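Asks: Structure of the sequence below:
(chains A, B and C)
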Amino acid sequence: MKLYYRLLVQFMGKGFMFVAVHPLDFWMYLVGKIIRMAFFFVFIFSIFRVAPEFAGYNFATGILIFVTYNFIDILSQTFFFRGLYHLQELVRRGTFDRALTYPISPLFYTAFRMPDPMDFISLVPVLMLLGWALTQFAQLLTPLAILLYILLVANGLLIAFALCTFLASLTFFTQEMEGVWWFYRYAVQVGRYPVEIFRSPFQFILTWVIPLGVMITFPSRALLGILSWQFVGGALVLSALLFYVALSFWRFALRRYSSASS
Amino acid sequence: MRKYWFIFKMELTQLMELRLDFWVKWLTSLLIVIMNYFVWTTAFASGKSFGGYALESIVAYFITTSFLYNVILIHRQELISRDIVEGGLSTLLVRPLSYPLQIFCRAMVSRIVYTAIGAVLIYIVSLFIIQFPMPAPQNIALGILAILFATILYTCFDFSLGILSFWLARSNGPRWIFSTIGMLASGIMFPIDLLPSWLEKILFATPFPYIIYFPASVVVGHFDSTSLTQGMLAGFFWSVVLIILTATAWRRGIRTFDGSGI
Amino acid sequence: MSIIEVKKLSKTYTYHRKAPGLWASVKSLFHREKLYTHAVKDISFSVEEGELVGFLGPNGAGKTTTLKMLSGILYPTGGEARVLGYVPWERRKEYQKQFAIVMGQKNQLWWDLPAMESFILNKEIYEVPEKQFRTTLDELVDLLDVRDILDVQVRKLSLGQRMKCELIAALLHAPRVLFLDEPTIGLDVVSQQNMREFIRKYNALKKTTILLTSHYMEDVEALCKRVIIINHGQIIYDGLLADLVDKYVDHKIITVSFKKEVQKKDLEKLGEIREYKPQYVVLEIKNDHVRERAAKILTTMPVDDILIDEAPVEEVIRKIFEEVAPRK
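Replies: Below is the predicted model of the structure:
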């Protein structure tokens, strides 16, 4: 455990160094992210200006879901998304072979080797929005609700990691991952909206199968005190299950890579 | 002319090779259509029309947009950038074949194939998932003209971003920020006229809306004849401007490329 | 017990074939035909601790595949192998900490950062204690003479400098077994020389077992007493380099320069002419006749200088590959 902590610190440090090497990239990404966030903020604002009730959510709760989405999205970008996404490059160049000779978990190396610590900066506007949303329903908040919110956000991150690991494993079967990752990016973007807006069977699929509901809507509902205990339990079981499945699939895919690559 | 026909056929063959990408791309579009359908159905639940849109026309708008997204936004910038950075361009330049024309020709292949597939998919969606009115024939005819301008505009943008590599060793950042802004400002995510009017005005002073928003609105029949004429003139104007700018940039870029002596 | 033991190791790859043409492409959207290549076929050998063995063969002979299997990167299709007593493809941490692989064309250094950063990362990955890290690094840096480039971005280094840093990165955890896959590929002559010098010194100093593949015969000649030659996935020779020449070559090369012009037809009787100028000739003469013919040249011709050489190893190997006819 201590080894992986030390490695994570190392990788983070390298992330900062990269920023120093490519400052233009850094500014471009930062500005782009903020513009994108601002745009959607304006968009949500526009929707609620016309329709004050959106699937039973008001403006503040809509913002809460938007913030939660960004939380999970930004944290997964910061830590593991880039690494898993760029696995295709490692495989294409043949440098992934190297990862297999290191005395550490190849999945850990792949996922966490290129974090983007500067992404924390884009958390600032998100936290500001969260602060504002919290003041809107201050009377609903209990310590338990806040604790559950944090727990479920972490749970959502674990789900995101499991999904990304699952998709990254596909890299060992095909070299055409670009479309797959785009699909993931778009699918997660659906999570900006509460899953309640989707009619069955889509609602069920998006809650439990592509578990955006569990990832994003559940934490918000827990914070508002409208999530039953059964669902909290279900969310935890689901993430554990997904994590297990993703890990097994990764091992299977790795085994295949080791037997088939040339 | 024969050699371009040959390139055309080669590209078509290559397109078929990337089979996973091919299917996933369309799955992504379907996902976006479904998401937007539910988002807007929910928004309309509170009654009223929405910023001048009826539910049907906004659903039609999103279906058209996701079609246009796949047909117009065929990007070749990574390829161009790689050709320049890795020096492959020098061998391509000495061949009796215009490099820009060749790029354009290959992109057109994808466009034609995707148009055919898109048409079939839209028909299937309209039968089984979402009912929406088919566009009137005169709207389609006008739409084709608007799509032509849109294709020119996007090709120019795409090509310019690709040849940024003449001047920048790493152009990922600028390219990323452009595609992010383009995504939002061209109307793929939502109709531009639903944004606050100050933002709408800013966007209409740029060529972005003419890439997706304008042709989509023409097809859907969202415009009266005055704004239609204005839009067409603007589309024509921007096409001419961008062609001139891109051609100038290309000519200058080649000179710096020759100078670098790869 | 041998440090590397390989028994009947095999590896088969699958790949897809696509007929040319558009219609075939459309079909390939749904189905692709599978084909097999036998990259490595039933090879067996063993290596003792401290040996430096050369692995020779043309492109696609199966050298890299074998090294990858011994590194645990690839699972074999059949057979067994043990390195340091471990089965490589189980990828046990204890094993991974005791070997290293350097691939000439695939770098592990971080491109955008100074090499030193990659070294520190490897220190963490291999859990090398700080003190040991410092001494090992110092030693390697001196041996390779790279002290002044450690803080330069790797992308700014020349290929030769980069390979030196690659070697350091691979050796920081003091591996007992080292696999070198084409370590000198693409290097200029001087850098190749340096690299060889280093490998020889390191092997002598640390008694590290080294398995080396290379295209360059000079590498093998300079470094390896023992060679394993592999072609079409099979071992066709395993033994001393010196014996290889005796076994496969029945002639020596005699180079003579003359004081005066000598007719070509006078020389033809002596042996096969490789190269001829009026005052210079290179002859290929069967081993049995060398003594007698050399004497004859010295006594009957206006000799300025005469040299008797073994046939170059490169030529020997080429001959072997040509003789062992390619099978399908």
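Asks: For chain A, which residues are neighbours of chain B?
Replies: Remark: the part of chain A in contact with chain B comprises A:22, A:24-29, A:31-33, A:35-36, A:39, A:42-43, A:45-47, A:50-55, A:174, A:176, A:178-180, A:182-183, A:186-187, A:189-190, A:193, A:197-199, A:202, using Cβ under 8 Å from any Cβ of the partner chain. C-betas here are computed from N, CA, C, even on glycine.
Asks: Please pick the buried ones from those.
Replies: A:22, A:25-26, A:28-29, A:32-33, A:36, A:39, A:42-43, A:46-47, A:51, A:54-55, A:176, A:178-180, A:183, A:187, A:189-190, A:193, A:197-198, A:202 (16 or more other Cβ atoms under 10 Å in any protein chain shown).
Asks: So which of those sit within helices?
Replies: A:25-26, A:28-29, A:32-33, A:36, A:39, A:42-43, A:46-47, A:178-180, A:183, A:187, A:189, A:202 (DSSP state H).
Asks: any low-confidence regions in the chain?
Replies: No chain in the question, so chain A it is. Within chain A, the ranges that satisfy pLDDT under 70 run A:260-262.
Asks: oops, chain C please
Replies: Ranges of chain C meeting pLDDT under 70: C:18-22, C:25-30, C:32, C:324-328.
Asks: Please identify which residue in chain A comes closest to chain C.
Replies: A:Pro103 (3.8 Å; Cβ to the nearest Cβ).
Asks: All the helices of chain B, in order from the start?
Replies: B:2-17, B:19-43, B:55-72, B:77-85, B:88-93, B:99-128, B:137-163, B:172-185, B:197-204, B:213-220, B:225-260.
Asks: looking at these, which is closest to chain C?
Replies: Nearest of the helices of chain B to chain C, taken as Cβ to the nearest Cβ: helix B:2-17 at 3.6 Å.
Asks: and the closest one, average pLDDT?
Replies: Averaged over helix B:2-17, pLDDT sits at 72.
Asks: what packs against that helix?
Replies: Contact here means 3 or more Cβ pairs under 8 Å, 6 or more residues apart in numbering or on different chains; DSSP states H and E; on that basis helix B:2-17 packs against helix B:99-128, helix C:22-28.
Asks: Mind checking what helix or strand follows the shortest one in sequence?
Replies: Same thing as helix C:22-28. Once helix C:22-28 ends, the next helix or strand along the chain (criterion: DSSP states H and E) is strand C:33-47.
Asks: Which residues are in contact with the residue in chain A positioned nearest to chain B?
Replies: Of all residues in chain A, A:Met28 sits closest to chain B, at 3.2 Å by Cβ to the nearest Cβ. Going by Cβ atoms under 8 Å, 6 or more residues apart in numbering or on different chains, A:Met28 touches B:Gly173, B:Pro174, B:Trp176, B:Ile177.
Asks: Run a quick neighbour tally on C:His251.
Replies: Number of residues near C:His251 (other Cβ atoms under 10 Å in any protein chain shown) recorded here: 17.
Asks: Could you show which parts of the stretch 51-200 of chain B are in contact with chain A?
Replies: B:51, B:168, B:170, B:172-174, B:176-177, B:180-181, B:184, B:189-190, B:194-196, B:199.
Asks: Just the buried subset of those, please.
Replies: Using 16+ other Cβ under 10 Å, the buried ones in these are B:170, B:172-174, B:176-177, B:180-181, B:184, B:189-190, B:194-195.
Asks: Need the max-distance pair from those residues.
Replies: Pairwise distances across those peak at 36.2 Å for B:Arg170 and B:Leu194 (criterion: Cβ to Cβ).
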